[in-house]
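Participant: my questions are about this predicted structure, shown below with the sequence.
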Amino acid sequence: MKFTSKHPLILASQSPRRKELLSLLGIPFDIMPSDIPEPDPQGFKSAVDYVYACAVQKAADIAASHPDALVIGSDTVVVFNEEILLKPKDKQQASEYLHKLSGETHEVITAVCVRQGKREVSFHESVKVTFYELPASWIDAYTDTEDPYDKAGAYGIQTVSGLFVEKIEGDYNAVVGLPIAKLLQHLTSAGYVKVEGAHDYAK
């Protein structure tokens, strides 16, 4: 099965994980990450509001100079006890995050904004993730690697730190960084994408 789009497709993210997931659609796309600094999460009422704002900001930034393109912005946060855990700044913060998550259930929220001209489609996916109890030696060894530092909450379910995860409730790909199945549903419903050989795009 192959999908097509009548608009050029742009991923407003440099995440290799989002690139890999978007590639599943088989539609050629460009990568143009937004360089606008992410807002301070303290200024938002909820983690959902914050992650939406980040996704919308990324999509709007790139769409402003590419009005004919279909621009996809996405952002992911880890939330534990109402605290937003972003990418750790250093080993100490990464270690603190993982000690908090050890043996506990947290929430991973990914928001997606699709922008084409003045049209916008946004949604989010929330997933519950439960960690095993992590020995301190595991946390210390893991935080000595480069893996935690480009990932919200200091771990990536698709890397070696996926071994910390006991179970998840929800979309695995949303934890990775892009709920691609739900994104496809929105793209086809909005008429942006169709199955090759199917009827014409929605107007």
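Facilitator: On my side now, so go ahead. Numbering: from 1, shown residues only.

Participant: CA only for contacts and neighbour counts going forward, please
Facilitator: OK.

Participant: ok, the closest residue to Ala12 other than its chain neighbours - contacts?
Facilitator: Counting by C-alpha to C-alpha, 6 or more residues apart in numbering, Pro33 is the residue found nearest to Ala12 once chain neighbours are left out, at 4.3 Å. Pro33 makes contacts with Leu11, Ala12, Ser13, Gln14, Lys58, Ile62, as judged by C-alpha atoms under 8 Å, 6 or more residues apart in numbering.

Participant: give me the number of residues near the fifth one?
Facilitator: What it means is Lys58. Number of residues near Lys58 (other C-alpha atoms under 10 Å) recorded here: 29.

Participant: so it touches Gly73, yeah?
Facilitator: Yes - taking C-alpha atoms under 8 Å as the contact criterion, Lys58 and Gly73 are neighbours in contact, 5.2 Å apart.

Participant: which neighbours do those two have in common?
Facilitator: Common contacts of Lys58 and Gly73 (C-alpha under 8 Å, 6+ apart): Ala12, Ser13.

Participant: part of a strand, is the residue nearest to Ala12?
Facilitator: No - when the secondary structure is assigned by DSSP: H, G, I helix; E, B strand; the rest coil, Pro33 falls in coil instead of a strand.

Participant: just to revisit the earlier point, mind checking which of the contacts of Pro33 land in strands?
Facilitator: Secondary-structure check on the contacts of Pro33 using DSSP state E: residues within strands are Leu11.

Participant: take the contacts of Pro33 and lay them out in a markdown table including pLDDT and distance to Asn81.
Facilitator: A markdown table is the format used below for the contacts of Pro33 (pLDDT from 0 to 100; distance: C-alpha to C-alpha, whole Å):
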| residue | pLDDT | distance to Asn81 |
| --- | --- | --- |
| Leu11 | 98 | 31 |
| Ala12 | 97 | 30 |
| Ser13 | 94 | 28 |
| Gln14 | 92 | 29 |
| Lys58 | 96 | 27 |
| Ile62 | 97 | 33 |
